[in-house]
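Undergrad: Quick check, what structure comes out for this input:
(one chain, ligands or ions: 2)
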Amino acid sequence: MSQAEHFDVVILGSGQGGKLLAWHLGHSGKKVAVVERRWVGGSCPAVACLPSKNELWSARVAHLVQNAAQFGTLAANVKIDMRKVRSRKQDMIDRDVDFHLGAYKSSGAELIMGSGRFTGPKMVEVVLNGGGTRVLIGNEVVINVGTHAAIPDIPGLEAARALTHIEALELDYQPSHLIVLGGGYVGIEMAQAYRRFGSRVTMIEPSRQLMGREDADVAEEVLGILTAEGIEVLLDAQPVCVYGLSGDGITLTVQTATGEHKVEGNDLLVAVGRIPNTSDIGLDKAGVALDARGYVQVNERLETTAPGVWALGECAGSPQFTHVSVDDFRIVRDNMAGGDRRTDDRLIPYVMFTDPPLARAGLSVGEAQRKGIPVRVAKLPMNNVLRTEATDETQGFMKVVVSANDDRILGFTMIGSEAGEVMAAIQTAMLAELPYTKLRDAVITHLTIAEGFGPLFGKVPPRAA
Ligand SMILES: Cc1cc2nc3c(=O)[nH]c(=O)nc-3n(C[C@H](O)[C@H](O)[C@H](O)COP(=O)(O)OP(=O)(O)OC[C@H]3O[C@@H](n4cnc5c(N)ncnc54)[C@H](O)[C@@H]3O)c2cc1C
Ligand SMILES: NC(=O)c1ccc[n+]([C@@H]2O[C@H](COP(=O)([O-])OP(=O)(O)OC[C@H]3O[C@@H](n4cnc5c(N)ncnc54)[C@H](O)[C@@H]3O)[C@@H](O)[C@H]2O)c1
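TA: Ligands and ions are numbered 1, 2, ... in the order given. I've put the predicted structure just below:
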């Protein structure tokens with residue numbers, strides 16, 4: 001066994017929060033090691049957020065050019081070059097890798113490429129990618145190993161060698177017919193992108209609506225946007241079995257209310273949720289307990305059940321967004337330094353980057369009802385926002401949830417152009433606990449999307465006397 005090496009902090013997995021913590025601690029003069037088995041910088045810049053949004057943007061350009069005649073630009077013989085789409089994305093990833101390596105170097109934190117697992121309390125053994133092993137002991141250890149795409153137990157699926165988002169983002173051709181299992185974030189974003197690149201796309205979702213955590217009217221609107229672009233969506237459809245090989249030909253049998261149906265396609269993308277990367281990293285040897293779903297058990301300070309061992313990001317059960325892992329970093333950083341920051345008092349926004357995007361901060365109407373919080377609700381179709389007259393971006397709506405007892409904004413959902421940017425303004429008002437009337441009465445620039453705040457908040461019903 002290799003001689004053990006001592007560090008102030010050892011970070012297992014270079015996820016979004018972990019790398020920021022490493023750089024921060026390194027700059028503060030701590031001796032830090034980060035163990036990463038595959039992706040310099042973690043999954044977000046390598047195989048998730050950035051590459052997907054990069055390809056989604058290429059798909060948006062394709063869509064705009066294909067529909068340019070509507071705006072008076074005639075573009076004949078439009079062709080999509082998927083190899084260029086992929087190489088543009090890869091160039092971005094390469095730049096990101098260079099950036100990360102530079103950040104490690106300047107911080108003094110050591111990036112060790114290899115697979116790590118605990119062999120004892122606060123002791124991590126690394127099987128190095130380049131051969132050999134190292135044993136690292138940290139005064140403190142941080143677990144930031146993320147999750148991977150779940151592959152459901154459907155007969156024939158494993159043999160079909162379906163794509164996950166990782167392989168889908170590497171395709172250098174348009175599948176003639178892409179079948180997408182799962183109507184959540186990954187499935188919907190990728191389905192729209194591939195449809196815009198020219199594929200026929202069929203989406204299979206076992207629930208009665210897409211985007212299960214959203215209100216029914218939000219899911220309906222997303223469904224309408226997808227079907228208007230020619231994506232076939234089968235709701236309430238249970239996959240029964242798969243036959244064939246993704247890339248060659250796939251037959252998927254689904255059970256629906258009207259019986260069994262066969263969907264014939266060429267490629268199969270699985271996007272049905274995530275599994276934490278916690279099963280084979282020796283957590284039992286480290287005294288780190290898992291919860292019932294296999295995520296690292298943490299308290300609201302992100303401490304695990306083992307003293308001096310922290311966990312952050314998706315593997316700790318935090319909401320599955322990069323900005324949450326980044327905020328987990330701030331919590332662990334401050335708590336390591338003796339502070340008392342918590343995870344249970346934060347307002348977490350998110351955006352699904354379809355075109356138009358879906359953005360939400362705070363409560364949906366359904367969540368307010370389930371929590372027994374009395375609310376007032378107002379909704380404004382995007383075609384009532386004057387800017388959309390000029391841009392033709394009329395799909396979607398803004399919906400606000402306001403407390404019934406006072407004038408605080410408790411939630412905002414928007415499907416529409418610039419939804420993520422517009423939501424940030426509402427989120428700021430929510431953080432400041434600003435009464436909604438301030439936004440209703442504010443002078444907002446004409447001709448912006450946010451100009452819709454006036455009519456939206458003007459529709460909030462008055463408080464019951
Ligand atoms: C297709 C897709 C698109 C997404 N788009 C967005 C988006 O637009 N916005 C957004 O906010 N979120 C998005 N997400 C979610 C976001 O990518 C994740 O929430 C975020 O990357 C999670 O970060 P993390 O810190 O938990 O870990 P990760 O970034 O996943 O990092 C964990 C790292 O640990 C490494 N690792 C695991 N086990 C070991 C081991 N034993 N030894 C060494 N290393 C190990 C892994 O290789 C990985 O690099 C997207 C996700 C997907 C799949
Ligand atoms: N823009 C973003 O911020 C963004 C983009 C992509 C992913 N993400 C994050 O990644 C997470 C994972 O995304 P995801 O799309 O994999 O999961 P998800 O949880 O968003 O959606 C999974 C969908 O698959 C369905 N499903 C479950 N089992 C199925 C089966 N056997 N067959 C077919 N469908 C099945 C579920 O009903 C659900 O609708 C998201 O929750 C999100 O937090 C974020």
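
Undergrad: who's in contact with the residue of the stretch 151-300 of the chain found nearest ligand 1?
TA: Nearest residue of the stretch 151-300 of the chain to ligand 1, counting by C-beta to the nearest ligand atom: H165, 3.7 Å away. All C-beta spots, glycine's among them, are computed from the backbone N, C-alpha and C. Going by C-beta atoms under 8 Å, 6 or more residues apart in numbering, H165 touches V47, A48, S52, A149, V186, M190, L269, A271.

Undergrad: tell me, which of these make contact with ligand 1?
TA: Among these, the residues within reach of ligand 1 (C-beta under 6 Å from any ligand atom) are A48, S52, V186.

Undergrad: Can you flag the buried ones in those residues?
TA: A48, S52, V186 (16 or more other C-beta atoms under 10 Å).

Undergrad: re earlier: list just the nearest of the ones next to ligand 1 among the contacts of H165 to E389.
TA: The shortest approach to E389 among these belongs to S52, at 31.2 Å (C-beta to C-beta).

Undergrad: residue contacts, that closest one?
TA: With C-beta under 8 Å, 6+ apart as the criterion, the residues that contact S52 are H165, L169, V186, E189, M190, A193, F353.

Undergrad: which stretch of helix or strand covers it?
TA: Applying DSSP states H and E as the criterion places S52 in helix 49-66.

Undergrad: for the helix or strand just after that helix, packing partners?
TA: Counting by DSSP H and E, the element after helix 49-66 in chain order, helix or strand, is helix 82-107. Packing partners of helix 82-107 (3 or more C-beta pairs under 8 Å, 6 or more residues apart in numbering; DSSP states H and E): helix 16-27, helix 43-47, helix 49-66, strand 110-120.

Undergrad: again, only using 7 Å
TA: helix 16-27, helix 43-47, helix 49-66 (3 or more C-beta pairs under 7 Å, 6 or more residues apart in numbering; DSSP states H and E).

Undergrad: Grab the nearest non-local neighbour of S279.
TA: Excluding the flanking residues, the one nearest S279 by C-beta to C-beta, 6 or more residues apart in numbering is G294, at 6.6 Å.

Undergrad: Give me the neighbour count for that neighbour.
TA: By other C-beta atoms under 10 Å, the residues close to G294 number 14.

Undergrad: And for K262?
TA: Going by other C-beta under 10 Å, the residues that sit close to K262 add up to 11.

Undergrad: ok, which stretches of the stretch 201-350 of the chain are helices?
TA: Per DSSP state H, counting those that start in this stretch, the stretch 201-350 of the chain carries helices over the ranges 216-228, 283-286, 322-336.

Undergrad: Pull the residues that contact the last one.
TA: Translated: helix 322-336. Contact with helix 322-336 is made by 15-17, 20-21, 24, 44, 49, 140, 142, 301-302, 310, 312-314, 316, 318, 341, 343, 346, 348, as judged by C-beta atoms under 7 Å, 6 or more residues apart in numbering.

Undergrad: and L269, what are its bridge partners?
TA: L163, V180 (DSSP bridges).

Undergrad: The helix holding S52 to helix 322-336, inter-axis angle?
TA: With axes from the mean of the first three to the mean of the last three C-alpha atoms, to 10 degrees applied, the angle from helix 49-66 to helix 322-336 works out at 160 degrees.

Undergrad: Thanks a lot, see you next time.
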